[in-house]
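*Asks:* One predicted model, sequence on top.
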Amino acid sequence: MGSEGPAITVHVTGFKKFHGVSENPTETIVSNLREYTKKNGLPKGMILGSCSILDTAGQGAVKPLYQILQSSVGTKDSGASNSGGVIWVHFGVNSGATRFAIENQAVNEATFRCPDEMGWKPQKVPIVPGDGEISRIRKTTLPVEEITKVLAKMGYEVTTSDDAGRFVCNYVYYHSLHFAEQNGIKSVFVHVPLFSTIDKETQMQFVTSLLDVLASLY
């Protein structure tokens, strides 16, 4: 679809450093993405919206997260109205991973293995209390299996995942999926390895390939 009709707007987020990861690859990826896509191009019919870096903190990240989520809906409602839609792509690092992981879902549970960057360490706390129990799951409406298959055919080491953990990545993803459902937009979370496992250039190429796939499948 990419080339037909109104443009899809994609907004991306990454995270700053956190306990055990002094240099977060997602901060570098998201900070460089606009420049990288200027040089290498974006898929036809896609606009790169905001590129935001969040604190690696549950409650600390939520206020800025909602501000940027809300701004994307504001854009959607203001004349761009019948736009081709809005997709949020959140990037987080899994320091033990050897491949990329497209996350299918998030769980309404915050159980942090260590304090976040603002010192918060919740245990079995519901992320959105109004959503009910900590066992509540929210799934992305994007076709994760299909996205993964296409990226794998391109030669990337990539898998699907049903477990985004219970730390800040899952916390942000759950809030984003909740917001997406309320506002008729789409959201997906992608875990990336460290640059020492998959180098920066390959990761930047992966992200632009992911945008290509999203444009073609939307």
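*Replies:* Ah, there it is. Note that the structure is predicted; figures quoted are calculated from it, not measured.
*Asks:* Following element in sequence after whichever strand or helix holds residue 11, please.
*Replies:* Here residue 11, judged by DSSP states H and E, is contained in strand 8-15. Counting by DSSP H and E, the element after strand 8-15 in chain order, helix or strand, is helix 25-40.
*Asks:* Before we move on, what's the pLDDT of the residue most central in space within the chain?
*Replies:* By CA atoms, centre = their mean, the chain has its centre lying nearest to residue 90, at 1.3 Å. Here, the pLDDT recorded for residue 90 equals 97.
*Asks:* just residue 3 next, same as before
*Replies:* On the pLDDT scale, residue 3 is placed at 46.
*Asks:* same thing with residue 199?
*Replies:* 97.
*Asks:* what about it, neighbour count?
*Replies:* 13 (other CB atoms under 10 Å). C-beta coordinates here come from the backbone N, C-alpha and C atoms, glycine included.
*Asks:* Now the phi/psi pair for it, please.
*Replies:* Torsion angles at residue 199 (phi, psi; degrees, to the nearest 10) stand at phi -70, psi 160.
*Asks:* And it, how far from residue 211?
*Replies:* Distance of residue 199 to residue 211, given as CB to CB, to the nearest Å: 19 Å.
*Asks:* same deal with residue 205?
*Replies:* Counting by CB to CB - residue 205 and residue 211 are separated by 11 Å.
*Asks:* what stretches of the protein score poorly on pLDDT?
*Replies:* Applying pLDDT under 70 to the chain flags residues 1-5, 19-21, 75-83.
*Asks:* Show me the helices in it, by range?
*Replies:* For the chain, the helices defined by DSSP state H cover 25-40, 58-77, 144-153, 168-183, 200-217.
*Asks:* Can you lay out the ones you listed as JSON lines showing mean neighbour count?
*Replies:* JSON lines is the format used below for the helices of the chain (neighbours: other CB atoms under 10 Å):
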{"stretch": "helix 25-40", "mean neighbour count": "17"}
{"stretch": "helix 58-77", "mean neighbour count": "16"}
{"stretch": "helix 144-153", "mean neighbour count": "16"}
{"stretch": "helix 168-183", "mean neighbour count": "22"}
{"stretch": "helix 200-217", "mean neighbour count": "18"}
